[in-house]
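**Student:** give me a model of this one.
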Amino acid sequence: MNALQPHWPVLVVIAPLLAAPLAVLIGRHRLAWAAATAASLCSFLLALQIAAQVRQTGPMVYEMGSWAAPYGIALMVDAFSALLLVIVCGASTGGLLVAARGLGNDIARHRLPLFYAAWLLALAGMAGIVVSADAFNIFVFMEISSLATYILVAGGQRREALTATFKYLIMGTLGATFYLIGIGLIYMMTGTLNLADMELRIREVGELRPILVAGGFVTVGLALKAAVFPLHTWLPNAYAEAPHAVTAFIAACSTKVALYVLLRLDFFVFQGNVPGHGAQFTGFILPLAVVAILAASVLAARARELKHLLAYSSIAQVGTILLGASMVSVTGLTASVAHMYNHALAKGALFVAVACLGTLHSQLSVEGLAGAARRMPLTMAGFVVAGLSLIGLPGTAGFVSKWYLVLAAIELGPAGVWLIAPVLAASLIAVIYIWRVVEPAYFGPSDPALPRREAHWSLLLVLWGVALLNLYFGLRPDFTLTLARQAAEALLSVSN
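**Tutor:** Got it, this is the predicted structure:
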C-alpha cells in the first residue's frame, strides 16, 4: 500500500474509468453490477485514505508522467478536494448498492451493463474534476460526467424522463460553454491553464477587464451546473424522473462538485488578484443565496410529489452553502464546506428512503404515502432520522454546519446578524415539508390494497447506514470540521 500511496490521486479516477468498458464487455447485468460496485468501492476506500492522509500531512500532488506543472498535467488533493472525493465516491457506492434492487422496473436487463458503464463514467468524471489542478482538464472531466449523467437520468421509467434529460442537457451545455469561454479568456491573458500558475500570472496582467469578464462567464456557467437560484430549472424534473438509485447518487454530489469548482476558482484564482472581487462576490452571491433559501423552501413545502419536494429542498441547501461562502470568512467557509458534506449525508439517506418506498408504492405523492409507516416502519424511521438532519436538529450532522453558519453571521457584527433570519426560516419551513410527509405516513389511513412489506434488507442496510452516519457526524464532527476548516483557511490564505 505504501508503494501505491503517491499514486492515490490518479488511481481514484482510473479505477472507475477502466471498469466502465469492462462492465460493457462482461455483458451479464449481475456481473456488470458487481464490477461497477467493486470499482466504486475501491475509489471510496482510496478517498477515505486520501482524506486521512491530507488531514495529517497536507495536500497531495501528483504529476502525470513526472512532467512538472505547469508544463505537465498535475493532480492536487487538498482538504477541500479530499472531502468532496469522499462525498462523490461514497454516494456512488451507496447508489450502486441501491441499484442492485432498485433498477429492475426502470431499465431492461440487456441494457444494464451499458447503464453501469455510464454510472462509472459519471463517477470518474466527478472524481476527476475534484482532483484536477488544471482548468481545462476540469472542463474535460465535467463533460465526461455530464454526458454520462444525462444517460443515467434518461433511464427513468416514465416518458417525462426524456423531457427532463433534454432540459438538463441544454442547461448543462450552456453552463459548460460559459465556463469554457471564461477559461479561454483567462488563457488568452495569462498563457496558462494550471490553476496555481494562473493565480500567479494574473497578478502580472495589466488589463484586468478580460479577467473580470472571464470571472462573470465562469461564475454564471458553474451556477447553471450547480442549480443556483434562479438557474435551477433543470434540477427538479431531473431528480424526479431519474431512477431512484440515480437520484440518490447525483443528489448527494453533482451540485456539490459544481460548487466546489466555483469556490475554488473564485477564491483561488480571482479573489486575491482582482481588486474589489470579494465585495463583488458577496454582492452577487449573497442576495441569490438568501432568495434561494427562502423561495426554494416554500416551493418544497408546496410540492405534491415526494421527489419534487426533496429536489426543491436541495436548491434551498445550495443557497445555504453559498450563504456561508458569501461571508468570505474562515467560519463562513467552514460552514459552507461542512454543509456540503452534511447535506450529502442527509439528502442521500432521504433519496435511499424514497427508493425503499418505491418498491411498494408506484406513485410517490405525499398523499399517496398515507399509512406508509405502518407498512414500512423501518423505512419511514430512517426517513425521519435523515429529515431531522436536513432540518438541523441538535445531535445531527445538519445542525453542526448550520450552527457554524450562525456563528459566521454573528462574527460579521450587527450587519450580519440579520443573515441568521433566513437560516432559521429555512429550518422552520423544513419542519413543515418534512412533517407533510411524516404526518400522513404515521397518522393517515392505510390503503388496505397495499401489503405490509418492508424493502429488501440490502436497501434497508444502506438506508440505515447513511442515516446513522447523520447521527455519528452530528455527535462526532471532528473529521468534517477539521477538513472544512483546513479548506477554508487554504482558500482565504490564497485570496489574501
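**Student:** ok, how many other residues are close to the nearest residue to Ile315 once chain neighbours are set aside?
**Tutor:** Spatial nearest neighbour of Ile315, excluding adjacent residues (C-beta to C-beta, 6 or more residues apart in numbering): Ala296 at 3.9 Å. In short, each C-beta sits where N, CA and C put it, glycine included. The burial count assigned to Ala296 is 28, neighbours taken as other C-beta atoms under 10 Å.
**Student:** what sits against Ala296?
**Tutor:** 229, 232, 312-313, 315-316, 319 (C-beta atoms under 8 Å, 6 or more residues apart in numbering).
**Student:** which of those fall within strands?
**Tutor:** In strands, defined here by DSSP state E, there are no members of the contacts of Ala296.
**Student:** from these, which is closest to Gln53?
**Tutor:** Gly319 (32.7 Å; C-beta to C-beta).
**Student:** in what helix or strand does the residue nearest to Ile315 lie?
**Tutor:** helix 277-302 (DSSP states H and E).
**Student:** mind checking how far that helix is from the chain centre?
**Tutor:** 18 Å (C-alpha atoms, centre = their mean, to the nearest Å).
**Student:** now do the buried residues in the top helix by length along the chain.
**Tutor:** The longest helix of the chain (DSSP state H) is helix 160-190. Neighbour-count burial for helix 160-190 flags 161, 164-165, 167-169, 171-172, 174-176, 178-186, 189-190 (criterion: 16 or more other C-beta atoms under 10 Å).
**Student:** and stretch 382-401, which residues are buried?
**Tutor:** In stretch 382-401, counting by 16+ other C-beta under 10 Å, buried: 382-393, 396-401.
**Student:** repeat for stretch 483-496
**Tutor:** Buried-residue list, stretch 483-496, by 16+ other C-beta under 10 Å: 483-488, 490-492, 494-495.
**Student:** same thing with stretch 226-239?
**Tutor:** 226-229, 231-232, 234-239.
**Student:** helices and strands around the longest helix of the chain, which ones?
**Tutor:** Helix 160-190 sits against helix 135-154, helix 195-202, helix 209-225, helix 235-241, with contacts defined as 3 or more C-beta pairs under 8 Å, 6 or more residues apart in numbering; DSSP states H and E.
**Student:** just those: most buried one?
**Tutor:** Of these, the one with the most neighbours on average (mean count of other C-beta atoms under 10 Å) is helix 235-241, at a mean of 25.
**Student:** who touches it?
**Tutor:** 153, 156, 158, 160-161, 163-165, 167-168, 227, 247, 250-251, 255, 305, 307-308, 310-312, 314-315.
**Student:** what does stretch 477-491 give?
**Tutor:** 51, 54-55, 78-80, 82-83, 263-264, 267-268, 271, 330-338, 341-342, 397, 400-401, 404, 473.
**Student:** and stretch 213-223, by the same measure?
**Tutor:** So stretch 213-223 is contacted by 174-186, 189, 231, 258-259, 261-262, 265-266, 270, 274, 277, 284 (C-beta under 8 Å, 6+ apart).
**Student:** quick one on the thing from earlier: for the contacts of stretch 477-491, which ChimeraX command selects only the ones that are buried?
**Tutor:** Buried residues within the contacts of stretch 477-491, by 16+ other C-beta under 10 Å, are selected in ChimeraX with:
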select :51,54,55,78,79,80,82,83,263,264,267,268,271,330,331,332,333,334,335,336,337,338,341,342,397,400,401,404,473
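**Student:** on that earlier part again, want to throw the helices and strands packed on helix 160-190 into TSV with distance to Ser326 and mean pLDDT?
**Tutor:** TSV is the format used below for the helices and strands packed on helix 160-190 (distance: least, C-beta to C-beta, whole Å; pLDDT from 0 to 100):
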stretch	distance to Ser326	mean pLDDT
helix 135-154	22	91
helix 195-202	21	80
helix 209-225	12	87
helix 235-241	20	89
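**Student:** can I get those in CSV with distance to Arg452?
**Tutor:** Below are these laid out as CSV (distance: least, C-beta to C-beta, whole Å):
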stretch, distance to Arg452
helix 135-154, 32
helix 195-202, 55
helix 209-225, 43
helix 235-241, 27
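**Student:** quick one: closest of these to Ala47.
**Tutor:** Closest among the helices and strands packed on helix 160-190, using C-beta to C-beta: helix 135-154, at 15.6 Å.
**Student:** between helix 195-202 and that closest one, find me the angle.
**Tutor:** Relative orientation of helix 135-154 versus helix 195-202 (axes from the mean of the first three to the mean of the last three C-alpha atoms, to 10 degrees): 130 degrees.
**Student:** give the other helices and strands that helix 135-154 contacts.
**Tutor:** helix 112-131, helix 160-190, helix 244-265.
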